[in-house]
Structures are given as structure tokens and as C-alpha cells.
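**Student:** Let's see this in three dimensions:
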Amino acid sequence: MTLGLVLAFGLALGWIPLYVFRAEVTQDALRYYSAVERRWVRRTPILVAAHVTLACILVSRSEPPLWRATIGAGLFVTATAFWFWARLQIGPLRAKRLPIEPPRRFRRDGAFGIVRNPLYFGYLLAAAAPAVVAAQPVLLVTFAACCVALTVRAEQEERRLHAQLGPVYAEYCRTVKRLIPFVW
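**Tutor:** Model prediction:
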């Protein structure tokens, strides 16, 4: 088995827990979203899955240099660890919530002290990992689509949190960046 095939397999399977342990059950949550939000709730995982699938196909057909494979694998492990850190701060992995429910506890510490949308940041890093390994220009386009979709979802969720939490959330937004730690 080649390094590319092993990496592609690992990078593809690594997404399973990120979807299994989501903070909400999409089908239950859809009725609480506006029509625009519903479109993005459905569209985002499709865009991410298409990007990751294409990236993993390209990785499996290549023999990436060890340095790129190491960076990609490290990025994916970091992304997954960050995602789980944030997800555990929301609540137990099996606990789900609806969009109309305010957070059980408003967190400003841990992953939420680094970025306001740590789950989406984890998804971005995880989506970047196979693109780094494959190093194919077409993946810049599909990764950009993932970035747009995750940014839209982050903005939608933040509007809801502003409505639910009010001034305390506005103050949090002034001190913690939205999606890219310490940058934006």
C-alpha cells in the first residue's frame, strides 16, 4: 500500500467522528432555521464532503513527499483535537441541542477563548489537510468554497447568538475573533 493511499484512507475516515458527534441533529434543527439558513445547513456539508472526497482521491493517486504528508497528517490531527476540545466544552458528545436553545453555558475559555466558532475552525483545518498533501491547484477552488460556506454558517449562528445572549455576546465578539484565531 502506498503512502498516498494510506493517507487518503485515514483522512477520509477521520471525518466520521466529526459528523457523528455534531452538536445538533440536522433534521431536527432544520425547522428552526430560516429558508436561507436551511440552504446553507444542507449545502455546507455537501461542499466540504466534495472537497475532501476530491482531495482524498488525488492523495490516493499520488506519492506525496514525506514532509507534505507529515504536515497534512499533523494538520488533520490538530484540527480534530481542536474540534473535540471545543465540542466537549459545549457538552457531552452525545448531547445535542436545537438552534432555538441558547448555549447551556456561555463559554469564553478554552477553544472558545481562541476563536468564536471553534468547530468551524476545526472543520477548516481538517479540510485543508488533504489539500496540503495533494498540492493540486483545483483544491484551492474547492477549499475556497468550503471557506465561504463555513463563514456563512458562522455568521448565521452568530446572528442567532446575538439575539439569544444580547450585550454579553457583543462584548465577546469584540475580544475574540470569528473564525481564524487572532486574525479574523
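**Student:** The residue nearest in space to the middle of the chain: which element?
**Tutor:** With distances taken as CA atoms, centre = their mean, the residue of the chain nearest its centroid is Tyr123 (2.1 Å). Per DSSP states H and E: Tyr123 is located in helix 118-134.
**Student:** so what secondary structure elements neighbour that helix?
**Tutor:** Other helices and strands packing on helix 118-134, by 3 or more CB pairs under 8 Å, 6 or more residues apart in numbering; DSSP states H and E, are helix 3-13, helix 16-20, helix 35-60, helix 66-90, helix 138-165. All C-beta spots, glycine's among them, are computed from the backbone N, C-alpha and C.
**Student:** Name the residues of the fourth one that come out as buried.
**Tutor:** Yep, that's helix 66-90 we're talking about. Within helix 66-90, the residues that qualify as buried are 68-69, 72-73, 75-76, 79-80, 82-84, 86-87, 89-90, counting by 16 or more other CB atoms under 10 Å.
**Student:** coming back round to it: tabulate the CA atom coordinates of the helix holding Tyr123 in CSV.
**Tutor:** Provided in CSV are the C-alpha atoms of helix 118-134 (Å, rounded to 0.1, in the frame of the first residue of the first chain):
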residue,chain,number,x,y,z
PRO,A,118,-14.0,26.6,17.1
LEU,A,119,-16.0,23.8,15.5
TYR,A,120,-16.0,25.5,12.1
PHE,A,121,-12.3,26.4,12.6
GLY,A,122,-11.6,22.7,13.2
TYR,A,123,-13.5,21.8,10.0
LEU,A,124,-11.5,24.4,8.1
LEU,A,125,-8.2,22.9,9.3
ALA,A,126,-9.3,19.4,8.6
ALA,A,127,-10.4,20.3,5.1
ALA,A,128,-7.1,22.0,4.5
ALA,A,129,-5.1,18.8,5.5
PRO,A,130,-5.7,16.7,2.4
ALA,A,131,-5.4,19.7,0.2
VAL,A,132,-1.9,20.3,1.6
VAL,A,133,-1.0,16.7,1.0
ALA,A,134,-2.3,16.6,-2.6
